[in-house]
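In: sequence and predicted structure are below.
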Amino acid sequence: MASETTITMIGNLTTDPEFRSTGTGANVANFTIASSSRFYDRQNNEWRDGEVLFVRCSIWREAAEHACETLVKGTRVIVQGRLKQRTYETRDGEKRTVMELEVDEIGPSLRYATAKVMKVVRGPVRLVPTMEDPRAAELVGVGAAVDEAPPF
């Protein structure tokens, strides 16, 4: 694959994420992140905000659901993803090209906030005997809880 432009960005959500399903049934959430630099103005002896960069983002599948359940307007987030160029046609027939960040990872910034992380359990947990010891059983399933006590 050709090298893709991968970026990491920190900023605030300008609105709540917008959730929708595509015609093929894939879930997607769209949102915009506003990011600005801060600098110290020595002449006025104060911190000042630089220009604001607005980046339109999309996140897919289960992560889209998680983002919509967790994040709200104003949340400071850290995102990592690939910068993509997309061309579309307006209702007036004009072709336009936009740059969007296709998000792979997103989370709240803990610089000025706290968060409680809850792991998502997918599918039922089932017991499966191992080959080494047919009497033993191990938990199988993503996100399954594991008992830390010895099995004997």
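Out: That came in fine, so what should we check first?
In: contacts and neighbour counts: CA atoms only from here.
Out: OK.
In: what is the burial count for the closest residue to T6 other than its chain neighbours?
Out: What sits nearest to T6 in space, not counting adjacent residues and going by C-alpha to C-alpha, 6 or more residues apart in numbering, is R82, at 4.4 Å. Neighbour count for R82, taken as other C-alpha atoms under 10 Å: 16.
In: give me the beta-bridge partners of R82?
Out: Counting by DSSP bridges, R82 is bridged to T6, E102.
In: the chain should start at 43 in everything you say after this.
Out: Understood, numbering begins at 43; the last thing we discussed is R124.
In: give the contact list for it.
Out: By C-alpha atoms under 8 Å, 6 or more residues apart in numbering, the contact list for R124 reads 46-49, 143-146.
In: ok, E147 next?
Out: 121-123.
In: can you check T57 too?
Out: Contacts for T57 (C-alpha under 8 Å, 6+ apart) come out as 73-74, 114-116.
In: ok, now with 6 Å
Out: For T57, the contacting residues are K115, by C-alpha atoms under 6 Å, 6 or more residues apart in numbering.
In: just give the nearest non-adjacent residue to E104, would you?
Out: Leaving aside its chain neighbours, E104 sits nearest to N69 (7.3 Å; criterion: C-alpha to C-alpha, 6+ apart).
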